[in-house]
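Trainee: Next comes the sequence, and after it the predicted model I'd like to discuss.
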Amino acid sequence: MKNAEIAEIFDKIADILEFKGEIVFKVNSYRKAARTLRDTTEDVAVIAAGNRLLDMPGVGKSTADKIVEYLETGTIKKYDEERKGLSDELIRMLQIPGMGPKTLALIHSKLKIDTFEALEKAIHSGELTELPGMGAKKAENILKGIELLREAAKRIPIGVALPVAEDVVAAVLKFPTVKRAEVAGSLRRMKETIGDIDILASSPDAVKTIEAFTSLPQVKRVLAAGTTKASVIVEGNKQIDLRVIEENSFGAALQYFTGSKAHNIKLRDIARGMGLKVNEYGVFRGDEKVGGREEEEIYAAVGLIWMPPEIREDRGEIEAAMKNALPELVTVGQIKGDMHVHSDFSDGKAAIAQLAERAQELGYKYLAVTDHSQSLKIAHGLTPERVEEKRELIQKINSKLKGLTLLLGTEMDILSDGALDYPEKLLEKFDWVVASIHSGFKQPREKITQRIVSAMRSPLVDCIAHPTGRLIGQRAAYEVDVEEILEVAAETRTAIEINANSERLDLDDVGCKRAKQLGVMLAIGTDAHKLEHMDMFRLGVAVARRGWLEPPDVLNTLPLKKLRRKR
DNA sequence: GCCGTTTTCGGCCCGACTGTTTTCAGTCG
């Protein structure tokens, strides 16, 4: 599937055109097309074959031609022509915070600089400040920007960002000048990785609030501090932006700073068509303010009902709201159990009794204890004898438990030839069988897809865990045809896991949305190897919500009896 | 380059901060 490859080329074309000073609208149209491609699980080749490219948002004649060209020839002439004479490193320099296309073009044309090394040298030698409009501070900021880029090249996984943000919000709420404070930005939308953390606070005294914020003990460096907003760097080189606003604009600001950018652009565009103006202070008809204290007022002003932050990605939510057809997203409170945890029978740290205790604290009705199977020796996969031991222990614990039922589960390996790691006779004893891949990651697409497909064809396999195997920011997904997996899952009524581990979040949001369309059930599990990991459940629910899932789409919203009947 | 309840041409979200300049361009989100 070439979707991601083509998206990347479109983004690169956008970068190059921006550098060359092309009008921003043209640049943005390439970025929009790239985003659409990334939001599509269906193979763009299939869409092209069906003459449906022009139905994709942001894809017009010119872009469609380029997609077809890439599918047929493997290259895009426009891209090859535009990049002629420009090094990749030069274009990458646009990623330096504070370095925009105008500045880079100036530096490139006047000083012939096209490497980071040459740029740093020119700053140290004072050559850069001789350029028009370039002062000492700007040069200094570029230098800092290069450093920042090197340190913080990686986006922060949500599991890391969320506790940091919640900690700072709690601190801000303690300022005597602050009334309300909330996380905004991509973190509020629960995106899987976060660029920087956005926090919004309401206060009648913005200056004092900014002062208190930049003086927090967590703050390592202040990047900028004005009269309404400030940016700081905290431990671990994470950037936090605080914006302070008056109480009666809090909703408008929260809406605006939550984004996504594409969602806001569409919303403001609609507002403009209605003769309204939306900014972070409120909704205005002429000079008259018609709303702004609460987020609901912003949506209401353009005739829409409020929608959850997780779906504000311009993936059809505004259109759905117009038709009053927004999904009733699944909530953490509706979840009845965790479908994937490991005990000390295999490679987990906690004993089964401890897992049960934690599950009761979390209010679960059931918990699937899914230890590894025999082939995965590195994780102490269970032999049939050990499975029997575990079965007896679970039975014993269950007989004493009130309100919670432990399910005898396994995370069974799909071996590299596609065979299951336990014989059928043994599999029948389990309440819940999750199958997954832990070997042969490098197999070709066809092979690895077929392995998973053949596992799904077994009536004894209930669920496929971490179906793509990706580790966010560390390891790419294995070459698996997600579309085919989902189609077969629908046919065989096999559930697909949403692995709630912060590093996995697999299946992802886009995949979930597609799964729902195909009628596939999702099962959320934390893959916990320690008790604390069980708390990551909310991240799995966040993925489900970002994928528009409703309670009937999520297997573990079912009561135990109905869950058992699914087998 | 895309798009259409005002448009097939002429628009394309909107404001804060910084630095270098005397009124604004560039960058960012």
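Mentor: Received the coordinates, thanks.
Trainee: Over in the stretch 201-350 of chain A, which residue gets nearest DNA strand B? Let me know.
Mentor: A:Gly226 (2.7 Å; CB to the nearest atom of the strand). Quick note: C-beta positions are derived from backbone N, CA and C, even for glycine.
Trainee: give me every residue that touches that residue.
Mentor: With contact set as CB atoms under 8 Å, 6 or more residues apart in numbering, A:Gly226 has these partners: A:Ile210.
Trainee: care to break chain A down by domain?
Mentor: Listed by automatic domain parsing, the domain ranges of chain A are A:3-152, A:155-245, A:256-322, A:332-566.
Trainee: Export those to JSON lines and append columns for mean pLDDT.
Mentor: JSON lines is the format used below for the domains of chain A (pLDDT from 0 to 100):
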{"stretch": "domain A:3-152", "mean pLDDT": "90"}
{"stretch": "domain A:155-245", "mean pLDDT": "90"}
{"stretch": "domain A:256-322", "mean pLDDT": "91"}
{"stretch": "domain A:332-566", "mean pLDDT": "94"}
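Trainee: Could I get the full set of helices for the stretch 351-500 of chain A?
Mentor: Applying DSSP state H, counting those that start in this stretch to the stretch 351-500 of chain A gives helices spanning A:352-361, A:384-400, A:424-427, A:445-457, A:482-492.
Trainee: Adding distance to A:Leu104 and mean neighbour count as columns, could you present these in a markdown table?
Mentor: A markdown table is the format used below for the helices of the stretch 351-500 of chain A (distance: least, CB to CB, whole Å; neighbours: other CB atoms under 10 Å):
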| stretch | distance to A:Leu104 | mean neighbour count |
| --- | --- | --- |
| helix A:352-361 | 52 | 18 |
| helix A:384-400 | 60 | 14 |
| helix A:424-427 | 59 | 15 |
| helix A:445-457 | 38 | 19 |
| helix A:482-492 | 37 | 19 |
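Trainee: burial measure for the residue of the stretch 1-150 of chain A found nearest DNA strand B, as a count.
Mentor: Closest contact between the stretch 1-150 of chain A and DNA strand B, by CB to the nearest atom of the strand, is at A:Gly135 (1.5 Å). Using other CB atoms under 10 Å, the number of residues around A:Gly135 comes to 11.
Trainee: Wait, it touches A:Thr129, no?
Mentor: Yes: taking contacts as CB atoms under 8 Å, A:Gly135 lies within contact range of A:Thr129: 6.3 Å.
Trainee: thinking again about what came up before, got the phi/psi numbers for the residue of the stretch 1-150 of chain A closest to DNA strand B?
Mentor: phi -100, psi -180 (degrees, to the nearest 10).
Trainee: now the strands for the stretch 401-550 of chain A?
Mentor: Under the criterion DSSP state E, counting those that start in this stretch, the stretch 401-550 of chain A contains strands at A:405-413, A:432-436, A:463-464, A:495-499, A:522-525.
Trainee: Can you lay out the ones you listed as CSV showing distance to A:Ala7?
Mentor: Shown next, in CSV, are these (distance: least, CB to CB, whole Å):
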stretch, distance to A:Ala7
strand A:405-413, 33
strand A:432-436, 28
strand A:463-464, 26
strand A:495-499, 23
strand A:522-525, 25
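Trainee: among the ones you listed, which is nearest A:Asp114?
Mentor: Of all these, strand A:495-499 sits nearest to A:Asp114, with 42.0 Å by CB to CB.
Trainee: relative to its centroid, which residue of chain A is most remote?
Mentor: A:Glu130 (43.1 Å; CA atoms, centre = their mean).
Trainee: check contacts around that one.
Mentor: Contacts for A:Glu130 (CB under 8 Å, 6+ apart) come out as none.
Trainee: try A:Leu406
Mentor: Counting by CB under 8 Å, 6+ apart, A:Leu406 has contacts A:352, A:355-356, A:366-367, A:369, A:394, A:397-398.
Trainee: one more time with 6 Å
Mentor: Counting by CB atoms under 6 Å, 6 or more residues apart in numbering, A:Leu406 makes contact with A:356, A:367, A:369, A:394, A:397-398.
Trainee: Could you dump those into a markdown table and include distance to DNA strand B?
Mentor: Formatted as a markdown table, those follow (distance: CB to the nearest atom of the strand, whole Å):
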| residue | distance to DNA strand B |
| --- | --- |
| A:Ala356 | 43 |
| A:Leu367 | 39 |
| A:Val369 | 42 |
| A:Ile394 | 49 |
| A:Ile397 | 49 |
| A:Asn398 | 50 |
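Trainee: Output those residues in a markdown table, with distance to A:Glu317 appended to each entry.
Mentor: Below are those laid out as a markdown table (distance: CB to CB, whole Å):
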| residue | distance to A:Glu317 |
| --- | --- |
| A:Ala356 | 39 |
| A:Leu367 | 33 |
| A:Val369 | 37 |
| A:Ile394 | 42 |
| A:Ile397 | 44 |
| A:Asn398 | 42 |
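Trainee: what's around A:Asn28, how many residues?
Mentor: A:Asn28 has 15 nearby residues by other CB under 10 Å.
Trainee: how many neighbours does A:Ile76 have?
Mentor: By other CB under 10 Å, 19 other residues sit near A:Ile76.
Trainee: do A:Glu192 as well
Mentor: Here the number of neighbours of A:Glu192 (other CB under 10 Å) works out to 22.
Trainee: Name the residues that touch stretch A:66-74?
Mentor: Outside stretch A:66-74, the residues touching it (CB under 6 Å, 6+ apart) are A:6, A:45, A:48, A:53, A:76.
Trainee: Return the subset of the residues you listed lying in helices.
Mentor: When DSSP state H defines the helices, the subset of the contacts of stretch A:66-74 inside them is A:6, A:45, A:48.
Trainee: any idea how far A:Ile311 is from A:Thr73?
Mentor: Distance from A:Thr73 to A:Ile311, counting by CB to CB, to the nearest Å: 37 Å.
Trainee: One more: A:Lys513?
Mentor: Using CB to CB, we find A:Lys513 at a distance of 9 Å from A:Ile311.
Trainee: And A:Ile233, by the same measure?
Mentor: Separation of A:Ile233 from A:Ile311 (CB to CB): 31 Å.
Trainee: what about the two, which has more around it?
Mentor: Set A:Ile233 next to A:Ile311 and count neighbours by other CB under 10 Å: A:Ile311 wins out with 25 against 19.
Trainee: what's the burial count for the residue nearest to that one when sequence neighbours are not counted?
Mentor: Nearest residue to A:Ile311, sequence neighbours excluded (CB to CB, 6 or more residues apart in numbering): A:Glu317, at 4.5 Å. Neighbours of A:Glu317 under the rule other CB under 10 Å: 21.
Trainee: One more: A:Gln95?
Mentor: As a burial measure, A:Gln95 scores 12 neighbours (other CB under 10 Å).
Trainee: secondary structure element for the nearest residue to it once chain neighbours are set aside?
Mentor: Computed as CB to CB, 6+ apart, the closest residue to A:Gln95 that is not its neighbour in sequence is A:Leu149, at 5.8 Å. Using DSSP states H and E, A:Leu149 sits in helix A:136-151.
Trainee: List the buried residues in that helix.
Mentor: Going by neighbour count (16 or more other CB atoms under 10 Å), the buried part of helix A:136-151 is A:138-139, A:141-143, A:145-146, A:148-149.
Trainee: Find the nearest non-adjacent residue to the residue nearest the centre of chain A, please.
Mentor: With the centre of chain A defined as its mean C-alpha position, the nearest residue by CA atoms, centre = their mean is A:Glu192, 2.5 Å away. Among residues not flanking A:Glu192 along the chain, A:Leu505 sits closest, at 4.9 Å (CB to CB, 6+ apart).
Trainee: List every C-alpha atom in the helix or strand where A:Asp11 lies, with coordinates, as PDB.
Mentor: Using DSSP H and E, the element containing A:Asp11 is helix A:3-19. In PDB, the C-alpha atoms belonging to helix A:3-19 read as follows (Å, rounded to 0.1, in the frame of the first residue of the first chain):
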ATOM      1  CA  ASN A   3      -0.600   5.800   0.800                       C
ATOM      2  CA  ALA A   4       2.100   6.800   3.300                       C
ATOM      3  CA  GLU A   5       4.800   7.000   0.600                       C
ATOM      4  CA  ILE A   6       2.800   9.300  -1.500                       C
ATOM      5  CA  ALA A   7       1.800  11.400   1.500                       C
ATOM      6  CA  GLU A   8       5.400  11.800   2.400                       C
ATOM      7  CA  ILE A   9       6.300  13.000  -1.100                       C
ATOM      8  CA  PHE A  10       3.400  15.500  -1.100                       C
ATOM      9  CA  ASP A  11       4.600  16.900   2.200                       C
ATOM     10  CA  LYS A  12       8.100  17.200   0.800                       C
ATOM     11  CA  ILE A  13       6.800  19.000  -2.300                       C
ATOM     12  CA  ALA A  14       5.000  21.400   0.100                       C
ATOM     13  CA  ASP A  15       8.200  22.000   2.000                       C
ATOM     14  CA  ILE A  16      10.100  22.700  -1.200                       C
ATOM     15  CA  LEU A  17       7.500  25.000  -2.600                       C
ATOM     16  CA  GLU A  18       7.300  26.900   0.700                       C
ATOM     17  CA  PHE A  19      11.000  27.300   0.600                       C
END
